[in-house]
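Undergrad: kindly return the folded structure for what I paste below:
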Amino acid sequence: MTIQIFDPNAAMLTITDAAAEHVRRQLAVAARHALRLSVNESGCSGYMYELDYTDAPNADDVVCELGDDVRVYVAADIVPLIRGTQIDYVREGINASLKFRNPNADAECGCGESFSVTKAATT
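TA: Residues are numbered from 1 along each chain as shown. Have a look, this model is predicted:
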């Protein structure tokens with residue numbers, strides 16, 4: 001397991017205050033300690049984010065400490081796909097959801113749930 005300390009100048013992930021508060025609430029409801037961020041080959045653009053609540057990292061996870069009481073586990077093999085991503089909580093009308101602002105994405109689908117990256121970002 002690799003532990004990454006939050007450094008806003010070189011962070012793999014960042015999280016807005018609104019997203020952190022949302023994640024804290026959801027973790028409390030789920031009675032879990034952390035969020036796991038995965039990326040799967042899926043969706044209309046190539047990759048799709050997947051979020052799960054969990055208590056412990058997998059053996060190959062990178063641990064990201066994002067502010068007070070927000071811990072995100074990320075599989076080491078997807079780090080090149082998500083490095084520099086900001087997680088935000090956005091309200092649009094009556095809907096609200098977590099949004100990922102990924103600087104590695106060169107295209108996103110219209111619904112914003114999947115993305116593609118250049119070949120260089122995947123190696």
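
Undergrad: so the residue nearest the centre of the chain: helix, strand or coil?
TA: Computing the C-alpha centroid of the chain and ranking residues by Cα atoms, centre = their mean puts L37 first, at 4.8 Å. State at L37, reduced to three classes by DSSP: H, G, I helix; E, B strand; the rest coil: strand.

Undergrad: distance of it from C64?
TA: 8 Å (Cβ to Cβ, to the nearest Å). Yep, even glycine has a C-beta here, placed from its N, CA and C like the rest.

Undergrad: what sits in contact with each of the two?
TA: L13, V72, Y73, V74 (Cβ atoms under 8 Å, 6 or more residues apart in numbering).

Undergrad: partners of the third one in the sheet?
TA: By that I understand Y73. Under the criterion DSSP bridges, Y73 forms beta bridges with R36, V63.

Undergrad: does it touch N58 like I think?
TA: Yes. Distance between Y73 and N58: 7.0 Å, which falls inside the contact criterion (Cβ atoms under 8 Å).

Undergrad: how about the helices in the protein?
TA: Ranges of helices within the chain are 17-30, 79-82, based on DSSP state H.

Undergrad: where does pLDDT dip in this structure?
TA: By pLDDT under 70, the low-scoring segments of the chain are 1-10, 43-45, 107-115, 118-123.
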